[in-house]
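> coords please:
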Amino acid sequence: MNIFVLMKRTFDTEEKIVIENGQIQEEGAEFIINPYDEYAIEEAIQVRDQHGGKVTVISLGSEEAEKQLRTALAMGADEAVLINVEDDVEELDHAGAAYILAEYLKDKNPDLILAGNVAIDGGSGQTGPRVADLLGINYVTTITKLEIDGTNVKIVRDVEGDSEIIETSLPLLVTAQQGLNEPRYPSLPGIMKAKKKPLEELELDDLDIDEDDVEPKIETVEVFLPPAKSAGRILQGDLKVQVKELVNLLHTEAKVI
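Now for the predicted structure:
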């Protein structure tokens with residue numbers, strides 16, 4: 001089975017993020033594999049182990065993404081591809097990213113493509129479905145279970161607190177939701193093997209893509225941190241007193257009633 005994973009390098013939201021002049025300052029920031037993409041990588045490895053084939057992890061970005069790709073290889077992926085857009089594109093939106101990925105994949109005959117449900121730095125969840133649309137294949141988002149029998153696929157999908165069962169067929173693109181699996185940590189042998197696994201680096205010229213083909217269709221007006229949260233308040237007294245005070249605060253301070 002020919003399996004591909006779309007992986008994004010994102011900053012770690014558990015670390016302090018600094019914004020200057022409307023831009024996130026990467027110097028000193030910690031970067032990781034997008035957590036939802038870890039579920040996709042793990043599921044790809046499990047599908048390969050069960051059905052055979054090869055897992056290739058693809059990422060767009062700069063040479064810095066090689067670290068995260070090597071981590072994916074250490075987890076158990078077979079090959080990695082870095083499409084370096086740093087020198088060719090100043091800004092890349094979801095449409096442009098999807099176009100580049102689809103151009104790479106269009107002659108690779110993928111059976112299964114996996115991606116994270118969303119990227120924690122943007123949260124739009126657009127890139128995976130856009131890739132599937134450009135390739136003309138089926139796609140299902142926010143999956144929590146995947147069963148493959150030949151070319152038939154049965155999926156459990158998360159739908160806002162409930163589940164939906166979908167039957168479809170390969171070729172297919174799915175996006176992984178939390179609960180699909182428990183991503184493995186790279187082992188020491190896996191880390192050593194990853195150093196020798198293939199990691200191909202491409203540029204837009206290698207895919208016959210011009211800068212005009214991926215010109216952003218949206219404009220980022222401003223990037224800013226959310227306002228600091230005020231400290232909470234603990235109400236004192238018996239229940240009736242607390243309820244009365246809570247209603248008063250909701251009316252006079254929070255102004256929500």
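
> now do the helix ranked longest in the chain: everything it contacts.
Scanning the chain for the longest helix, with DSSP state H as the assignment, gives helix 35-51. Contacts with helix 35-51, where a contact means Cβ atoms under 8 Å, 6 or more residues apart in numbering, come from 1, 3-8, 33, 53-55, 57, 72, 75-78, 112, 114-120, 146, 148, 175-178, 180-184. Quick note: C-beta positions are derived from backbone N, CA and C, even for glycine.

> among these, which lie within strands?
Among the contacts of helix 35-51, the residues falling in strands (DSSP state E) are 3-6, 33, 54-55, 57, 112, 114-116, 146, 148, 175-176.

> which of these sit farthest apart?
Using Cβ to Cβ, these span at most 23.8 Å, a distance reached by 33 and 148.

> re earlier: buried residues in the longest helix of the chain?
35-48 (16 or more other Cβ atoms under 10 Å).

> for stretch 143-161, same thing?
For stretch 143-161, burial by neighbour count (16+ other Cβ under 10 Å) applies to 143-146, 148, 153, 155-158.

> in stretch 99-113, what counts as buried?
99-105, 110-113.

> I should have written stretch 90-98 there, sorry.
Across stretch 90-98, burial judged by 16+ other Cβ under 10 Å covers 92-98.

> one more: stretch 177-184?
Neighbour counts over stretch 177-184 (16+ other Cβ under 10 Å) mark 177, 180-181, 183 as buried.

> out of the ones in strands among the contacts of helix 35-51, which are buried?
By 16+ other Cβ under 10 Å, these give 3-6, 33, 55, 57, 112, 114-116, 146, 148, 175-176 as buried.

> distance from the chain centre to stretch 99-113, please.
Mean-position distance between stretch 99-113 and its chain equals 17 Å (Cα atoms, centre = their mean, to the nearest Å).

> start and end of it, how far apart?
15 Å (Cα to Cα, to the nearest Å).

> so what touches that stretch?
1-6, 44, 47, 53, 58, 60, 81, 83, 85, 92, 127-128, 130-132, 134-135, 137, 148, 170-174, 202, 204, 207-209, 213-214.

> for the stretch 101-250 of the chain, just list every one of the helices.
127-135, 188-194, 239-252 (DSSP state H, counting those that start in this stretch).

> can you spell out which helices and strands pack onto the first one?
With contacts defined as 3 or more Cβ pairs under 8 Å, 6 or more residues apart in numbering; DSSP states H and E, the secondary structure elements packing on helix 127-135 are strand 2-6, helix 94-105, strand 112-116, strand 138-149, strand 172-176.

> same check on the second one?
Here helix 188-194 touches helix 66-75, going by 3+ Cβ pairs under 8 Å, 6+ apart.

> so what's the backbone phi/psi at residue 85?
phi -110, psi 0 (degrees, to the nearest 10).

> what is the neighbour count of it?
Residue 85 has 21 neighbours, counted by other Cβ atoms under 10 Å.

> one more: residue 20?
7.

> over to residue 255?
8.

> now it: phi and psi?
phi 50, psi 50.

> quick one: pLDDT of it?
According to the prediction, residue 255 has pLDDT 80.

> neighbours of the closest residue to residue 67 other than its chain neighbours, how many?
Among residues not flanking residue 67 along the chain, residue 31 sits closest, at 7.6 Å (Cβ to Cβ, 6 or more residues apart in numbering). For residue 31, the neighbour count with other Cβ under 10 Å is 17.

> and for residue 164?
Neighbours of residue 164 (other Cβ under 10 Å): 13.

> which residues touch it?
156-158.

> any chance of JSON lines for those, columns pLDDT and distance to residue 222?
JSON lines is the format used below for those (pLDDT from 0 to 100; distance: Cβ to Cβ, whole Å):
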{"residue": "156", "pLDDT": "97", "distance to residue 222": "39"}
{"residue": "157", "pLDDT": "95", "distance to residue 222": "34"}
{"residue": "158", "pLDDT": "92", "distance to residue 222": "32"}
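
> strands - which of those residues land there?
Per DSSP E, the contacts of residue 164 map to strands at 156-158.
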